[in-house]
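K.L.:
below: sequence and its predicted model.
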Amino acid sequence: MLIIKNLRAAIGDKEILRGIDLPVNAGEIHAVMGPNGSGKSTLAQVLAGHPGYEVTEGEVTYDGRNLLEMDPEIRAQEGIFLAFQYPIEIPGVTNAYFLRSAYNEIRKSKGMSELDPLEFLDLMEEKTKVVDMDPAMMNRSVNTGFSGGEKKRNEILQMAVLEPRLAILDETDSGLDIDALKVVAAGVNALRRPDNATIVVTHYQRLLNYIVPDFVHVLANGRIVKSGGKELALELEEKGYDWIPGAAA
Amino acid sequence: MNDVVSSVIDGAAQLAAILAADTAPESSIEAYRLDFEAADAASTEPAWLRETRRSALAAFERDGFPTMKDEDWHFTNVAPIAETIFRRTRKGSEVSADVLARFGHGQDWHTVVFVNGRAVSGFGAGLPAGVVVSSLASEIERDSDLLKRHLSKLCPPDSGAFSALNTAMAADGAVIHLSAETVLDKPVHLLFIADSASENTAVQTRNLVFADKHSQGTVIESYVSVGGDNYFTNAVTEVFVADGARLSHYKLQTESVNAFHVGTVSVRQGRASRYESFSFATGARLSRTNVHSTLAGEAAEVVMNGLYMVDGAQHVDHQTRIEHVAPNCPSHELYKGILDGRSHGVFNGKVYVHPEAQKTDGKQSNNNLLLSDSARVDTKPQLEIFADDVKCTHGATVGRLDETALFYMRSRGIGPAQSKRLLTYAFAADVLEKIELEGLRDALEEQVLRRFTDA
């Protein structure tokens, strides 16, 4: 589904990704772990098309197409979803309006008809249950005044509605208490299907107790320095990152 | 100059010009004098009013138009108004139902129509007992005592060149009187339309609003154009809000983009009164709106909000002034601006707290969104406090669309153009939400949404 080859990316003059290789197949969950500043979030943002990063080398193909040539909205329409580490507040735009606009843009791109507000309301009733969210939140401005946990739930709600083929969760566990973490993880697991894939970017192993990965990769200094199965995450939890060659700070 | 003048006036205008004066004026100030003298010579107005007009014209001639050296006009150059000869208005055409519907916002309001400054229709019918809406011209004709006691009291001849010019020249406008304890059932909508006969004329409109003790009502002033004509609206509205009265006053300025608009609203509030104002400004090549309120009675409340949205080479200036004279008065103010193209926005908000005005609660903000690199804003919130027990805050911001929010929306599948429009609408939405008249709020939200969401 997604093939990343020798990906290098910089912000200004500062190179952050220094040759990433990562293949992701349908049905798989990949965890990308690593110390702070290793480039985890940059990888997530580059895959979503953040205009602030410049890809200097390498290639990323998504279903055989060049992902790097696609604008962010095209990537979303093609099924890529980034759950933001810090979801953005948009005062003045309701959650419902925002999400319906996104949903309809994606449907339009597939030649499907748009949903009117009432039809969309029905969909919301169903989807807010997935993340145990009060439907009244739909009438509030996007993320505005939401608690940290509410913002993360809202990201997963968007994911539930937009039904991406490739979901990238960027530090979705940060700032969540254990109950919120379970809700978010249950939401992600409920959306799992054989034809979609998930990349979980996280600093801690904790989330991976609830979202069990098929592969774990250690990112350090802009490179993947070690890959393994889910047991690698437990090892990292116990021993930290310093024992891995190339991962020392 | 003679060539310029003769080339721009058509047959009808020429006739009017000949009636007004035998010679073509050399300057705009001379033109105003010639038009004044022609009107004065034929005047049947009461002596007191002719005297008021003469002293206003004298003040105008003495001071002339303001320049950018004047502190209140530091960011707005009125030379295009001062250097253009605008003659007395000509009679406009009858207004079609289509035009009325277009500017009526689909609302059931008491609508009074003026074309090129002259009252046309809508007086007298269907108003509740205790409410009078009449034209200034008819009030002058019957030499009303109300007019004599109040005209020019809030905008005396020395309160600025434009107000003085208006006092000297304004022949018509609306006079609204809510008697004590009356409640206006529906808003009164003053619809000022400029039609094609407005080209090169000065539309001078004078309105007076009286909300007597414990009365309640809503007044909307709309300044609109049916064409793209070059004219000059110079409007003054004096508003008397008596003890315990509640008045909402909305001004919608959507003039032709070739027009000039200077509008002054001057308010005096009595004890425990409430005055809510909103200025919506999207039109005119150059506009200046003054909103001034004096909180003369204890516990009077004023709310002043506004939204300006301009593009191209438009210039939009708002100047608000709140005088806290009496104690225990709250004042709240939020103005927002959206500027695109090479447009220029100006906001100057003054809050004066007099020594006796203890326990004043004043809050003022001005936020601006620049949509292009060439747009510009000058904002100057000012607080002058001479009392020692007050709570006053003010602030101003100038910013651009949030890039992270744009990326967030795009990452959800919404294209860049639509994302920008949605964020721009969102910027405007929170000040529009403050409009208390629901029908108007919905209409303006719809208008702004369409402006920013139609591809």
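P.N.:
Ah, there it is. Numbers count the residues shown, from 1 in each chain, chains lettered A, B, ... in the order given.
K.L.:
flag every residue of chain A that's near chain B.
P.N.:
Residues of chain A lying close to chain B (CB under 8 Å from any CB of the partner chain) are A:48-52, A:71-73, A:75-77, A:81-82, A:84, A:87-93, A:98-99, A:101-103, A:105-106, A:109, A:141, A:158, A:162. Using the backbone N, CA and C atoms, a C-beta is placed for each residue, glycine as well.
K.L.:
can you list phi and psi of the closest residue in space to B:Gly106 that isn't next to it in sequence for me?
P.N.:
Sequence neighbours aside, B:Ala443 is the residue nearest to B:Gly106 in space, at 6.8 Å (criterion: CB to CB, 6 or more residues apart in numbering or on different chains). Main-chain dihedrals, B:Ala443, degrees, to the nearest 10: phi -60, psi -40.
K.L.:
number of residues surrounding B:Ala443?
P.N.:
The local packing of B:Ala443 (other CB atoms under 10 Å in any protein chain shown) involves 18 other residues.
K.L.:
about what we covered before: mind checking which of the residues of chain A next to chain B land in strands?
P.N.:
A:81-82, A:90-93, A:141 (DSSP state E).
K.L.:
tell me which of these is nearest to B:Ala387?
P.N.:
Of all these, B:Ala387 sits closest to A:Pro91, with 33.8 Å by CB to CB.
K.L.:
does the closest one touch A:Phe146 like I think?
P.N.:
No. Applying CB atoms under 8 Å as the test, A:Pro91 and A:Phe146 come out as separate, 11.5 Å apart.
K.L.:
hmm, back to that, list just the nearest of the ones in strands among the residues of chain A next to chain B to chain B.
P.N.:
A:Gly92 (2.9 Å; CB to the nearest CB).
K.L.:
run a quick neighbour tally on the closest one.
P.N.:
By other CB under 10 Å, 20 other residues sit near A:Gly92.
K.L.:
just give the nearest non-adjacent residue to it, would you?
P.N.:
Sequence neighbours aside, B:Ala426 is the residue nearest to A:Gly92 in space, at 2.9 Å (criterion: CB to CB, 6+ apart).
K.L.:
sec struct for the one you found, please.
P.N.:
Using DSSP: H, G, I helix; E, B strand; the rest coil, the structure places B:Ala426 in helix.
K.L.:
OK, contacts around the residue in the stretch 201-350 of chain B that chain A sits nearest to?
P.N.:
Here the stretch 201-350 of chain B gets closest to chain A at one residue, B:Lys336, 10.8 Å apart by CB to the nearest CB. Counting by CB atoms under 8 Å, 6 or more residues apart in numbering or on different chains, B:Lys336 makes contact with B:306-308, B:366-369, B:427-428, B:430-431.
K.L.:
now it: which helix or strand?
P.N.:
Using DSSP states H and E, B:Lys336 falls within strand B:330-339.
K.L.:
ok, A:His203 touching A:Asp170?
P.N.:
No. With contact defined as CB under 8 Å, A:His203 does not reach A:Asp170; the gap is 10.7 Å.
K.L.:
who's more crowded, the two?
P.N.:
Set A:His203 next to A:Asp170 and count neighbours by other CB under 10 Å: A:Asp170 wins out with 24 against 18.
K.L.:
and that one, what pLDDT?
P.N.:
pLDDT recorded at A:Asp170 is 94.
K.L.:
quick one: it from A:Ile199, how far?
P.N.:
9 Å (CB to CB, to the nearest Å).
K.L.:
identify the contacts common to the two.
P.N.:
A:Ala44.
K.L.:
residue contacts, the most centrally placed residue in chain B?
P.N.:
Centroid-nearest residue in chain B, with CA atoms, centre = their mean: B:Gly263, separated by 3.7 Å. Listed by CB under 8 Å, 6+ apart, the contact set of B:Gly263 reads B:223, B:233-237, B:251, B:253, B:287-290.
K.L.:
then A:Leu68?
P.N.:
Per CB under 8 Å, 6+ apart, neighbours of A:Leu68: A:55, A:59-60.
K.L.:
number of nearby residues for B:Ser277?
P.N.:
Using other CB under 10 Å, the number of residues around B:Ser277 comes to 22.
K.L.:
ok so it is a strand residue?
P.N.:
Yes. Applying three-state DSSP, one finds B:Ser277 inside a strand.
K.L.:
and the one helix or strand B:Arg62 maps to, what does it pack onto?
P.N.:
Using DSSP H and E, B:Arg62 sits in helix B:47-63. Contact analysis of helix B:47-63 by 3 or more CB pairs under 8 Å, 6 or more residues apart in numbering or on different chains; DSSP states H and E lists helix B:28-41, helix B:145-150, helix B:161-169 as its packing neighbours.
K.L.:
redo that, cut-off 6 Å
P.N.:
helix B:161-169 (3 or more CB pairs under 6 Å, 6 or more residues apart in numbering or on different chains; DSSP states H and E).
K.L.:
and the helix it packs on, what other elements does it pack with?
P.N.:
Judged by 3+ CB pairs under 6 Å, 6+ apart, the packing partners of helix B:161-169 are helix B:47-63, strand B:201-211, strand B:232-241.
K.L.:
can you pull out the low-pLDDT segments for chain B?
P.N.:
Within chain B, the ranges that satisfy pLDDT under 70 run B:1-23, B:124, B:453-455.
K.L.:
what's next to the helix or strand of chain A with the lowest mean pLDDT, contact-wise?
P.N.:
When each helix and strand of chain A is scored by mean pLDDT, DSSP states H and E, helix A:178-190 comes last, with a mean of 86. Residues from elsewhere that reach helix A:178-190 (CB atoms under 6 Å, 6 or more residues apart in numbering or on different chains): A:130-132, A:149, A:152, A:156, A:173, A:210-211.
K.L.:
and if we set it to 7 Å?
P.N.:
Under the contact criterion CB atoms under 7 Å, 6 or more residues apart in numbering or on different chains, helix A:178-190 has outside partners A:130-132, A:149, A:152-153, A:156, A:160, A:169, A:172-173, A:176, A:198, A:206-207, A:210-211.
K.L.:
just the ones of those in strands?
P.N.:
In strands, defined here by DSSP E, the members of the contacts of helix A:178-190 are A:169, A:198.
K.L.:
give me the buried entries from the contacts of helix A:178-190.
P.N.:
A:130-131, A:149, A:152-153, A:156, A:160, A:169, A:172-173, A:176, A:198, A:207, A:210-211 (16 or more other CB atoms under 10 Å in any protein chain shown).
K.L.:
OK, now which residue of the stretch 301-450 of chain B is nearest to chain A?
P.N.:
For the stretch 301-450 of chain B, CB to the nearest CB, closest residue to chain A: B:Ala426, 2.9 Å.
K.L.:
next, the angle from the helix or strand B:Val265 falls within to strand B:201-211.
P.N.:
Using DSSP H and E, B:Val265 sits in strand B:260-269. Relative orientation of strand B:260-269 and strand B:201-211, computed by axes from the mean of the first three to the mean of the last three CA atoms, to 10 degrees: 20 degrees.
K.L.:
what strands line up against strand B:260-269, and which way round?
P.N.:
strand B:232-241 (parallel), strand B:286-295 (parallel) (DSSP bridges).
K.L.:
in TSV: those, plus mean neighbour count and distance to B:Ala42.
P.N.:
Listed next are these as TSV, based on neighbours: other CB atoms under 10 Å in any protein chain shown; distance: least, CB to CB, whole Å:
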stretch	mean neighbour count	distance to B:Ala42
strand B:232-241	26	21
strand B:286-295	25	31
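K.L.:
would you list every one of the helices in chain B?
P.N.:
In chain B, the helices defined using DSSP state H lie at B:2-8, B:11-20, B:28-41, B:47-63, B:79-82, B:97-103, B:136-141, B:145-150, B:161-169, B:403-410, B:416-432, B:438-453.
K.L.:
who touches the third one?
P.N.:
This means helix B:28-41. Outside helix B:28-41, the residues within contact range by CB under 7 Å, 6+ apart are B:19-21, B:25, B:50, B:57, B:61, B:64, B:82-88, B:165, B:168-169.
K.L.:
likewise for the last one?
P.N.:
The set of residues external to helix B:438-453 that reach it, using CB under 7 Å, 6+ apart, is B:105-107, B:220, B:250, B:280, B:421-422, B:424-425, B:428-429, B:432-433, B:435.
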